[in-house]
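> With the sequence up front, the predicted model follows.
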Amino acid sequence: MDNESLFNEEVEPPGSLTEMVTPENNPSPVVIETLLHDSPIDLSGPKHRAPCVKSSRSRIFCKKFYPYTTNAEWNDWHWQLHKRIRDIHSLTRMFQLTEDERNALVRSTGPALPLSITPYYASLIDENNAAQALRRTVIPVIDEYFHAPGEAADPLSEDHDSPVPGIVHRYPDRVLFLVTDFCATNCRYCTRSRIVGGHHDLMKSGQWKKGIDYIASHPVVRDVLISGGDPLTLADEKLEWLLSRLRRIPHVEIIRIGTKIPVVMPQRITPELTRMLKRYHPLFMSIHATHPDELTPEMGQACTRLADAGIPLGSQTVLLYDINDSVETLKQLFLGLLKIRIRPYYLYQCDPIFGSSHFRTPVSKGLEMIQGLRGHTSGYAVPSYVIDAPGGGGKIPLLPDYVVGRDGDDLLLKNYEGQTYHYPDGPMILGEVH
Ligand code: SF4
């Protein structure tokens with residue numbers, strides 16, 4: 001395939017999926033046993049596809065709303081993309097909508113973030129309970145139309161730090177490379193809602209090339225974070241084209257991909273994809289996870305495939321009011337992520353995009369979360385709590401105050417149980433060695 005044909009400027013990238021079952025891409029029985037205890041592997045699809053997990057919840061949902069859909073279709077990410085729920089009529093068929101949700105959907109005109117939910121992610125949503133955490137992250141409510149003071153379309157001033165379209169160069173040695181405006185499922189609190197679901201030029205061949213040229217001509221850039229939209233909505237060939245061009249640049253040491261695909265459309269993580277990705281190491285992945293309800297057998301299988309391909313996995317979670325802002329919820333999420341080899345990396349204070357005040361917690365709540373986790377569970381399960389500073393200041397880490405004062409040369413420190421300890425922090429005095 002020539003380079004130009006990879007850039008045919010579709011909004012929804014298609015691609016062909018032909019997975020051969022080989023010993024390499026068959027999931028390990030041990031993994032299946034530990035991760036997928038409530039659901040058998042679905043082996044009923046055509047022989048040319050790799051085995052794909054389908055949880056009991058997905059089975060029930062699929063049977064109810066897509067009765068003529070085969071397991072092979074449900075497990076095909078192209079089908080999932082094609083069947084995204086995008087309007088009030090489809091939603092009404094599946095969910096008991098509240099008046100608030102209806103009003104928000106009816107009012108949804110103009111440049112607002114479009115509704116988009118994969119059937120798989122819809123299967124995780126409670127049909128009758130509008131207060132359910134996952135439901136609130138993807139179905140709009142009328143609060144989205146209220147703009148609070150301090151909110152903006154681009155609160156992080158990414159556009160200001162963009163030397164060429166698609167590149168955000170804010171930190172000294174790394175860049176953000178926005179390669180698509182498309183996501184499989186749209187999060188209502190999305191920091192890039194100004195871009196996502198729009199018709200921007202991020203997919204045009206010229207834009208990608210400008211971005212690659214910028215990186216190639218800046219030897220200071222040793223780390224490239226590919227994001228969007230969601231880069232894993234791109235067809236394998238397009239993604240590989242991008243990765244191969246970046247890998248040819250000698251000073252690019254690591255490549256990272258930011259994605260929510262393993263969570264909202266785990267069917268995308270095929271053995272073919274992971275075989276391709278592992279050719280471009282060191283390649284890292286930051287997975288956007290919100291709530292323990294997302295930790296399904298399907299997600300487990302997708303992350304196992306990524307981890308088995310040697311891709312270090314980290315998570316990013318946005319702290320959301322009444323959705324995941326309790327220590328118990330976050331602890332369940334972070335410990336669950338660790339079990340599928342994802343290291344909780346960032347807990348973000350929700351960015352002040354337009355219409356997001358109903359999602360934001362006070363900063364004190366974030367500090368309370370960290371205080372409730374640090375020391376109480378494995379350090380690996382405690383991410384860094386950060387605020388991405390409005391105006392383009394970058395990520396600023398926040399920690400509860402563990403230093404409570406001094407006592408002479410001693411530093412007074414408070415531990416996770418609230419007890420105070422002395423640490424000798426005076427000037428260094430070299431004495432006799434005994
Ligand atoms: S997956 Fe990420 S980029 Fe896409 S809508 Fe959600 S937050 Fe925005």
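Cool, got the structure. A quick note: this is a predicted structure, and the numbers were derived from the prediction, not measured.

> Report the beta-bridge partners for the residue positioned nearest the centre of the chain.
The geometric centre of the chain, computed from its C-alpha atoms, lies nearest to residue 288 (C-alpha atoms, centre = their mean), at 1.9 Å. On DSSP bridges, the residues paired with residue 288 through beta bridges are residue 316.

> and it, what does it touch?
With C-beta atoms under 8 Å, 6 or more residues apart in numbering as the criterion, the residues that contact residue 288 are 187, 258, 259, 260, 263, 315, 316, 317, 318. All C-beta spots, glycine's among them, are computed from the backbone N, C-alpha and C.

> Would you format those as JSON lines with distance to residue 416 included?
Formatted as JSON lines, the entries for those read as follows, by distance: C-beta to C-beta, whole Å:
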{"residue": "187", "distance to residue 416": "32"}
{"residue": "258", "distance to residue 416": "31"}
{"residue": "259", "distance to residue 416": "33"}
{"residue": "260", "distance to residue 416": "31"}
{"residue": "263", "distance to residue 416": "30"}
{"residue": "315", "distance to residue 416": "22"}
{"residue": "316", "distance to residue 416": "24"}
{"residue": "317", "distance to residue 416": "21"}
{"residue": "318", "distance to residue 416": "24"}
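
> Residue 335: which of those residues is nearest?
The shortest separation between residue 335 and any of the contacts of residue 288 is 11.7 Å, and it belongs to residue 315 (by C-beta to C-beta).

> isn't that closest one right up against residue 336?
No: look at residue 315 against residue 336 with C-beta atoms under 8 Å: they stay out of range, at 10.1 Å.

> Look at these two and report which has more neighbours.
residue 315 (23 against 19; other C-beta atoms under 10 Å).

> For that one, give its distance to residue 364.
As judged by C-beta to C-beta, to the nearest Å, residue 315 and residue 364 stand 23 Å apart.

> got a list of what the closest residue to residue 401 other than its chain neighbours touches?
Leaving out its chain neighbours, the residue that sits closest to residue 401 by C-beta to C-beta, 6 or more residues apart in numbering is residue 414, at 7.6 Å. Contact partners of residue 414, counting by C-beta under 8 Å, 6+ apart, are 401, 402, 403, 404, 420, 421.

> I'd like to know the beta-bridge partner residues of residue 414.
residue 420.

> Now do it against the ligand, distance only.
35 Å (C-beta to the nearest ligand atom, to the nearest Å).

> ditto for residue 418
Between residue 418 and the ligand the computed distance is 36 Å (C-beta to the nearest ligand atom).

> pLDDT score assigned to that residue?
On the pLDDT scale, residue 418 is placed at 95.

> And what about it, helix, strand or coil?
Assigned with DSSP: H, G, I helix; E, B strand; the rest coil, residue 418 falls in the coil class.

> number of nearby residues for residue 128?
Residues near residue 128, counting by other C-beta under 10 Å, number 8.

> OK, contacts around it?
Contacts for residue 128 (C-beta under 8 Å, 6+ apart) come out as 95, 96.

> helices or strands up against the helix or strand hosting residue 237?
Secondary-structure element containing residue 237, defined by DSSP states H and E: helix 236-247. Taking 3 or more C-beta pairs under 8 Å, 6 or more residues apart in numbering; DSSP states H and E as the contact definition, the neighbouring helices and strands of helix 236-247 are helix 205-216, strand 223-227, strand 254-259, helix 271-277.
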